[in-house]
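In: Give me a 3D structure for the following:
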Amino acid sequence: MSGDGPILGRPAGALAPMGALGAADAGGAGGGGSCASALGPGERPGYLGRIVPAVLGRLEERRRRLPLSRLEAMTAPAGRPSFGAAVRAPGMSLVAEVKRASPSKGPIRPGLQVGALVQAYEAAGARAVSVLTEEDHFLGSLDDLRVAAEYTGLPLLRKDFIVDPYQVHEARVWGASAVLLIAVLLDDRLLRLLAGLAQDLGLDVLLEVHDQRDMARALEIEGAIIGVNNRDLHTFEVSLETTLRLAGAVPRERPLVGESGIRGHGDVERLASSGVDAVLVGEGILRNADVEAAIRALMYPLPLVAQRPIGDRSDTLGKEAG
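Out: Just a heads-up that it's a prediction; the model follows:
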C-alpha cells in the first residue's frame, strides 16, 4: 500500500507543513467557547508550558486550512479496531509507539519509516500502536497517523497534547481508535467535554495521570482507560514506582496502562504483578535496530496480569490529596 495518497474524505494538501505560529482561536470547536482559556497556563508544569503554545498555534493554522464544519463531514477509515479491547486482552498488552524525537532526548530514530515500523510492531505481537502527532517538539504529524492506519490493522492511539474538540475530530478522520487526554492539562469542564466527544465519536480515551490528584479526577470520567505516566513533569525523572503506587486506586473493571521508563522484561513483569494491563513503550524499542527482536525481548514470555487489590483506593488517593 502507498503511504502517499489521500484516504477517503481527506482533501489533498490538508497536511502540508504549517506556517508561523499564531494565537489560537478555540471558539466554535464542537463545544463552544475558548478551550485555551480553560487550560490554566500558569499551572502547566515543566515542558507543558513550552509545548502547549506551539500546539495551539499549529491548531489555529489547521483550522484556517480546514474549517470544523468540513472536518466533521469527512469520513474516517472503515473498520478501525477497538483500543480498549486490545489493552483488555489476556496477558500483558504492548502499545508500541511511533515517536521520532522528544524534547529532552532529541532525535530518537532518524529516518523512521512509519509503514515499515508499524508492520514490524504487528509482526512482533504488539496489540496497539501509539502515534505521536505533535510537530514542533516530537517531530510527529497527522500524516504519521494516516500512514499507520494504512499499514496496520492494529488499533491506533493519537498521542498529542489535546486541548480542543477539533483535535478529537482529526483523530477520528485520520484513523485513530483512541485519543490521549492528559489530566493535568485540562480543567474539569474541558476534560469532560473532550472525553464525552471522543466517546460519542466511537473513540476510546486513554486518560493520563501523574499523581493521586490526577487519578481522583480521572476516575470520575466514566469509561476512560487509565494511563499512569512514570515521568515527573517537573524534573523529567522516571520511576516505575509511580504506576506501582497508584495501581491500587484503579478499580478492577478499569483497564490500566503503564507509560514511560519500561526498559526490560523485569519491568514488564513487575507491572503485571501489580495488575497493570498494558505498557506503552517507545524509546526502549526504537533505539534498537531490530524492533521486532526488541519487542520479543521486552514482552516474552508474556506475563499474566495479576488482579489489582481491592480496598486500596481511598488510602492511595488520600495520601496526596489530603
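In: And the helices in the stretch 51-200 of the chain?
Out: Taking DSSP state H, counting those that start in this stretch as the test, the helices found in the stretch 51-200 of the chain are 68-73, 83-88, 114-124, 142-151, 165-173, 188-200.
In: what mean pLDDT does the fifth one have?
Out: Looking back up the chat, that one is helix 165-173. Averaged across helix 165-173, pLDDT comes to 98.
In: before we move on, what about the third one?
Out: Taken as a whole, helix 114-124 has a mean pLDDT of 98.
In: Which elements pack onto that helix?
Out: Here helix 114-124 touches strand 93-98, strand 128-132, helix 142-151, helix 291-299, going by 3 or more C-beta pairs under 8 Å, 6 or more residues apart in numbering; DSSP states H and E. From N, CA and C alone the C-beta is placed, and that goes for glycine too.
In: Go through those and name the closest to Phe161.
Out: Phe161 lies closest, by C-beta to C-beta, to one member of these: strand 128-132, at 10.1 Å.
In: Distance from the closest one to the middle of the chain?
Out: 7 Å (C-alpha atoms, centre = their mean, to the nearest Å).
In: For that strand, name the packing helices and strands.
Out: helix 83-88, strand 93-98, helix 114-124, helix 142-151, strand 156-159.
In: TSV for these, including distance to Asp277 and mean neighbour count?
Out: Output for those, formatted as TSV (distance: least, C-beta to C-beta, whole Å; neighbours: other C-beta atoms under 10 Å):
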stretch	distance to Asp277	mean neighbour count
helix 83-88	5	22
strand 93-98	6	26
helix 114-124	18	19
helix 142-151	22	24
strand 156-159	14	31
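In: Specify the stretch among the ones you listed that is closest to Leu271.
Out: Comparing the helices and strands packed on strand 128-132 by C-beta to C-beta, strand 93-98 comes nearest, at 11.2 Å.
In: Any chance you could list what contacts the closest one?
Out: Here strand 93-98 makes contact (C-beta atoms under 8 Å, 6 or more residues apart in numbering) with 86-87, 112, 114, 117-118, 121, 124-132, 140, 144, 148, 157, 159, 257, 277-283, 285-286, 291, 295, 298-299.
In: helices and strands around whichever helix or strand Asp267 is part of, which ones?
Out: For Asp267, the host element (DSSP states H and E) is helix 265-273. Secondary-structure packing of helix 265-273 (3+ C-beta pairs under 8 Å, 6+ apart): helix 241-246, strand 278-281, helix 291-299.
In: Mean neighbour count, the ones you listed: which tops it?
Out: Highest mean neighbour count among these (mean count of other C-beta atoms under 10 Å): strand 278-281, with a mean of 26.
In: who's Pro107 bridged to?
Out: Beta-bridge partners for Pro107, by DSSP bridges, are Ala101.
In: That one against Ala101, yeah?
Out: Yes. Assessed by C-beta atoms under 8 Å, Pro107 is found in contact with Ala101 at 4.9 Å.
In: Touching both of those two, which residues are there?
Out: The contact sets of Pro107 and Ala101 overlap at Leu139 (C-beta under 8 Å, 6+ apart).
In: Which one's more surrounded, those two?
Out: The residue with more neighbours, out of Pro107 and Ala101, is Ala101; 18 against 11, by other C-beta atoms under 10 Å.
In: Wait, a strand at Arg50?
Out: No. Using DSSP: H, G, I helix; E, B strand; the rest coil, the secondary structure at Arg50 is helix, not a strand.
In: tell me the contacts of it?
Out: For Arg50, the contact set (C-beta under 8 Å, 6+ apart) comprises 103, 137.
In: Let me know the pLDDT of it.
Out: 84.
In: From Tyr151, how far off is it?
Out: Counting by C-beta to C-beta, to the nearest Å, the gap from Arg50 to Tyr151 is 32 Å.
In: what do you get for Arg287?
Out: 21 Å.
In: All set now, cheers.
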